[in-house]
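Trainee: quick check, what structure comes out for this input:
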Amino acid sequence: MHEQSPPTAAPVDPRDLPGSFRHEIEVEVRFADTDAQGHVNNASYLTYCEIARIRYWTDVTGEAFAEATHGPESLILAEARITYRAPAFYGDVVTVQTRATHIGRSSFTLEHRLVALAPGELQRLVAVSGSILVRYDYARASSVTLSPTQVAAMEAFEGKTLSVSVA
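Mentor: Predicted structure coming up:
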């Protein structure tokens, strides 16, 4: 995890999420991630973002991600959107950069910038994505409030206030 500057091979476009991201993961593109045209299938990008969301949560809060629909509270994906900017291919390494931008009562918003790098080439922006995650209790079948510790961990990691106080 380190601060990453914006990609160098793409023109500046505010839709491309300029600015720094403090969290990133690398994903090697597998042949199985590609489609008949030879580029990464659109659904694979969402899987890359899923990997990044889970790693962001565990790295930043120190909490494990609950995998079952019973027992401890977990996170559910309430919304995902993605904008494709350029193709990625088998053999590329896709870096998913992630940052939190808003924290609500039981939810938080993440932004993802996906950049690809092939050996001997410039890094290129391949997609941008946003997601909203909700803290959820499967036993009660309802959302639960993010704890002050969870909120503080994300705000400390991002270096700014992300939550809106509710009166």
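Trainee: low-confidence ranges, the protein, go.
Mentor: 1-14, 66-72, 165-167 (pLDDT under 70).
Trainee: okay, buried residues for stretch 84-99 please.
Mentor: The neighbour-count check on stretch 84-99 (16 or more other C-beta atoms under 10 Å) flags 85, 88, 92, 94-99 as buried. Glycine gets a C-beta too; all of them are placed from N, C-alpha and C.
Trainee: just those: which are in strands?
Mentor: Members of the buried residues of stretch 84-99 lying in strands (criterion: DSSP state E): 94-99.
Trainee: take those residues and write them to JSON lines, including distance to residue 64.
Mentor: Listed next are those as JSON lines, based on distance: C-beta to C-beta, whole Å:
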{"residue": "94", "distance to residue 64": "25"}
{"residue": "95", "distance to residue 64": "24"}
{"residue": "96", "distance to residue 64": "20"}
{"residue": "97", "distance to residue 64": "23"}
{"residue": "98", "distance to residue 64": "18"}
{"residue": "99", "distance to residue 64": "22"}
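Trainee: need the longest strand for this structure.
Mentor: The chain, longest strand under DSSP E: strand 124-137.
Trainee: now find how far off-centre the helix or strand that that one is followed by is within its chain.
Mentor: Downstream of strand 124-137, the next assigned helix or strand under DSSP states H and E is strand 142-143. Centroid displacement of strand 142-143 relative to its chain, using C-alpha atoms, centre = their mean, to the nearest Å, is 22 Å.
Trainee: mind giving me the packing neighbours of strand 142-143?
Mentor: For strand 142-143, the elements it packs on are strand 124-137, judged by 3 or more C-beta pairs under 8 Å, 6 or more residues apart in numbering; DSSP states H and E.
Trainee: show me which residues of the strand it packs on are buried.
Mentor: Buried, per 16+ other C-beta under 10 Å, within strand 124-137: 124-136.
Trainee: closest to residue 108 among those residues?
Mentor: Residue 108 lies nearest to residue 133 out of the buried residues of strand 124-137, by C-beta to C-beta, at 5.8 Å.
Trainee: show me what that closest one is bridged to.
Mentor: residue 77, residue 108 (DSSP bridges).
Trainee: isn't it up against residue 74?
Mentor: No - between residue 133 and residue 74 there is no contact under C-beta atoms under 8 Å: 9.8 Å.
Trainee: any chance of the buried residues of strand 124-137 in a markdown table, plus distance to residue 158?
Mentor: As requested, those are exported to a markdown table (distance: C-beta to C-beta, whole Å):
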| residue | distance to residue 158 |
| --- | --- |
| 124 | 26 |
| 125 | 21 |
| 126 | 24 |
| 127 | 21 |
| 128 | 18 |
| 129 | 17 |
| 130 | 15 |
| 131 | 16 |
| 132 | 16 |
| 133 | 15 |
| 134 | 19 |
| 135 | 18 |
| 136 | 22 |
